[in-house]
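Engineer: Fold the following for me, if possible:
(2 chains)
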Amino acid sequence: MSDEPRFEEAHAQLDAIVARLESGDVPLDEALDLWRRGEELYRLCVELLTAAEGRVEELETGPDDNRPGTL
Amino acid sequence: MAKIEPIVYGDRRVYPVAAFNHGLAGYIARLPTVWVEGEVTELRRADTWANVFLTLKDARSGACLPVTIPRARFDALELGLVDGERVHVEGRPELFEARGSLSFRARTIERFGEGEHAAALARLRRVLEAEGLFAPARKRRLPRFPRAVGLLTGTDAAARGDLVTAISTRYPPAWLVVHETRVQGRGAARRIVEGLRLLAEHPAVDVVVVARGGGGFEDLLPFSEEAVVRAVASCPVPVVSAVGHEQDEPLCDLAADVRASTPTAAARLVVPDLDELLSGLGQSRRRLAAGTRQALARDRGRLERTGERLRAAPRLLLERRRATLLATGGRLRTLSPVATLGRGYAIVRSGGAIVREAASLSPGDGVAVELAAGSFDARVDEVRP
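Structural biologist: Have a look, this model is predicted:
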């Protein structure tokens, strides 16, 4: 999961793009690029949320913890 | 109290048992209320009984003292006492007259050491507070989107199960790293510190929840031990403390970045709500499309205005020329002789040339006369130069 772009980053970028687009003075070709990039990010975010399965991982204590007499 | 009269047998004064017991009971009843310390043994309680019975045993000598306490009062204390525990009992001795037996009538019972613990806790709290360990400025913000959430829970399944359910319900893709350990009894503090360290070392854990269901004062003590409080305060990732109930305030609560009183509250703190997140994303997408459409519409508008100006240009030019032409025409007409003829003048020509002097003519010459409308030929009768 850490190799993939992190959801948080993608989400933040999407927010930034929406804000830039809504500022109202973006040239058309840039607006189209932003839109394309935003759509990609949107899909990525939704995918990251829906494709990831919840998981529960058990973290065991180190072996030295069960030494006799360490209570 | 009825007067206790002995029976006199010669020189011997003898008290009947009832009278003696009654007299003794009255004497004992004047003794002050005291605290007695001992170990609980032979604890007997039944829902149908008015009193709870136990025997208080001296830990060193084994000396015993029977104790009674009204059942309602005993239940209200919610001590959950078991045989072998050391307690402080406040009350006064009482004689059961029918049997001549002495018992200790208790008003209240406290676990031994609770007061000491409470005082030690208050001292530690003051020390750590002075050190700034609980200062609001130390509190860190929890990550909005943690990669993994670390859970430190007791081996009792309840706290863990509640928390896991609360988190995965709110955010199904959650990644939980659970460390179960003993959280009460001897060695608990050391294990909690170790568990915190392990969880914080996990490469994906961005926040840790320390959870333990409600418990007695003693059960929560490890969470107030200095080592645990310090470990919580210095944990490399933010810590949410979900220990005990609302009214408990173990010191680790004060050192944690946030305190949660229920598993649901803890879940709200550590993971986002998936439904909200998805609907927020949907909204971002709509705004994205709207923004792009707006940019498109704005540019189209600009283009249309330019186009209109372009189309309007030749017509404007034509109109300007027509106006110039009209003005020129007007000027032309004022200069034209036709207008002068219109006012009643005539042009006289002789042999094609315009006649400007009468002397250039002789009687009998033919002339052509031009009027505003039409012309005629005439002959000269007389000349008056």
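
Engineer: can you pull the contacts of the spatially closest residue to residue B:358 that is not a sequence neighbour?
Structural biologist: Excluding its sequence neighbours, the residue lying closest to residue B:358 (C-beta to C-beta, 6 or more residues apart in numbering or on different chains) is residue B:385, at 5.0 Å. (C-beta placed from N, C-alpha, C; glycine too.) By C-beta atoms under 8 Å, 6 or more residues apart in numbering or on different chains, the contact set of residue B:385 is B:357-359.

Engineer: what about the top helix by length along chain A, distance to the chain center?
Structural biologist: Using DSSP state H, we find that the single longest helix of chain A is helix A:28-51. Between the centre of helix A:28-51 and the centre of its chain there are 13 Å (C-alpha atoms, centre = their mean, to the nearest Å).

Engineer: could I have it exported to CSV, CA atoms only?
Structural biologist: C-alpha atoms of helix A:28-51 as CSV (Å, rounded to 0.1, in the frame of the first residue of the first chain):
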residue,chain,number,x,y,z
LEU,A,28,-9.3,26.9,-21.4
ASP,A,29,-6.6,24.5,-22.3
GLU,A,30,-5.3,24.4,-18.7
ALA,A,31,-8.9,24.0,-17.5
LEU,A,32,-9.2,20.9,-19.7
ASP,A,33,-5.9,19.5,-18.4
LEU,A,34,-7.0,20.1,-14.8
TRP,A,35,-10.3,18.4,-15.4
ARG,A,36,-8.7,15.4,-16.9
ARG,A,37,-6.2,15.2,-14.0
GLY,A,38,-9.0,15.7,-11.5
GLU,A,39,-11.1,12.9,-13.0
GLU,A,40,-8.1,10.6,-12.8
LEU,A,41,-7.6,11.5,-9.1
TYR,A,42,-11.3,11.1,-8.4
ARG,A,43,-11.2,7.6,-9.9
LEU,A,44,-8.1,6.8,-8.0
CYS,A,45,-9.5,7.9,-4.7
VAL,A,46,-12.7,5.9,-5.1
GLU,A,47,-10.7,2.9,-6.1
LEU,A,48,-8.4,3.2,-3.2
LEU,A,49,-11.5,3.4,-0.9
THR,A,50,-13.5,0.6,-2.4
ALA,A,51,-10.8,-1.8,-3.5
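
Engineer: mind listing what's buried in the next helix or strand after that helix?
Structural biologist: Using DSSP states H and E, the helix or strand that directly follows helix A:28-51 along the chain is strand A:55-58. Buried residues in strand A:55-58, counted by 16 or more other C-beta atoms under 10 Å in any protein chain shown: none are found.

Engineer: Using PDB, list the CA coordinates for strand A:55-58.
Structural biologist: C-alpha atoms of strand A:55-58 as PDB (Å, rounded to 0.1, in the frame of the first residue of the first chain):
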ATOM      1  CA  ARG A  55      -7.800  -6.100   7.500                       C
ATOM      2  CA  VAL A  56      -6.800  -6.900  11.100                       C
ATOM      3  CA  GLU A  57      -3.200  -7.700  11.700                       C
ATOM      4  CA  GLU A  58      -2.100  -9.200  15.000                       C
END
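
Engineer: Please say whether there is contact between it and chain B.
Structural biologist: Yes: contact of strand A:55-58 with chain B (C-beta under 8 Å from any C-beta of the partner chain) involves A:55-58.

Engineer: Save those as TSV, and put in pLDDT too.
Structural biologist: Listed next are the residues of strand A:55-58 next to chain B as TSV, based on pLDDT from 0 to 100:
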residue	pLDDT
A:55	86
A:56	88
A:57	87
A:58	88
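
Engineer: hmm, back to that, now for the longest helix of chain A, which elements pack on it?
Structural biologist: In terms of contacts (3 or more C-beta pairs under 8 Å, 6 or more residues apart in numbering or on different chains; DSSP states H and E), helix A:28-51 is packed against helix A:7-22, helix B:274-335.

Engineer: list the buried ones in it?
Structural biologist: So, applying 16+ other C-beta under 10 Å, buried residues of helix A:28-51: A:31, A:34-35, A:38-39, A:41-42, A:44-45, A:48-49.

Engineer: and if you look at stretch B:192-207?
Structural biologist: So for stretch B:192-207, counting by 16+ other C-beta under 10 Å, buried means B:192-196, B:198-200, B:202, B:205-207.

Engineer: Ok, stretch B:249-263 next?
Structural biologist: B:249-261, B:263.

Engineer: Could you find the two of the residues you listed that are most distant from each other?
Structural biologist: B:251 and B:263 (21.0 Å; C-beta to C-beta).

Engineer: how deep is residue B:379 tucked in, by neighbour count?
Structural biologist: As a burial measure, residue B:379 scores 9 neighbours (other C-beta atoms under 10 Å in any protein chain shown).

Engineer: Can you give me the distance of residue B:38 to residue B:110?
Structural biologist: 12 Å (C-beta to C-beta, to the nearest Å).

Engineer: Hmm, residue B:262 is touching residue B:244, no?
Structural biologist: No: assessed by C-beta atoms under 8 Å, residue B:262 is found out of contact with residue B:244, at 11.0 Å.

Engineer: where does chain A have low pLDDT?
Structural biologist: Of all residues in chain A, those with pLDDT under 70 make up the ranges A:1-5, A:61-71.

Engineer: Now it against chain B: closest residue?
Structural biologist: residue A:21 (3.1 Å; C-beta to the nearest C-beta).

Engineer: Report pLDDT for residue B:122.
Structural biologist: Note for residue B:122: predicted pLDDT of 85.

Engineer: Helix or strand: which one has it?
Structural biologist: helix B:114-131.

Engineer: In that helix, which residues are buried?
Structural biologist: Buried, per 16+ other C-beta under 10 Å, within helix B:114-131: B:121, B:125, B:128.

Engineer: Please tell me how far the last one sits from residue B:254.
Structural biologist: In this structure, residue B:128 lies at 8 Å from residue B:254, with C-beta to C-beta as the measure.

Engineer: tell me, what's touching those two both at once?
Structural biologist: Contact with both residue B:128 and residue B:254 is made by residues B:134, B:229, according to C-beta under 8 Å, 6+ apart.

Engineer: What count of nearby residues applies to whichever residue of the stretch 201-350 of chain B sits closest to chain A?
Structural biologist: When distances are taken as C-beta to the nearest C-beta, the stretch 201-350 of chain B reaches nearest to chain A at residue B:291, 3.1 Å away. Using other C-beta under 10 Å, residue B:291 has 23 other residues around it.
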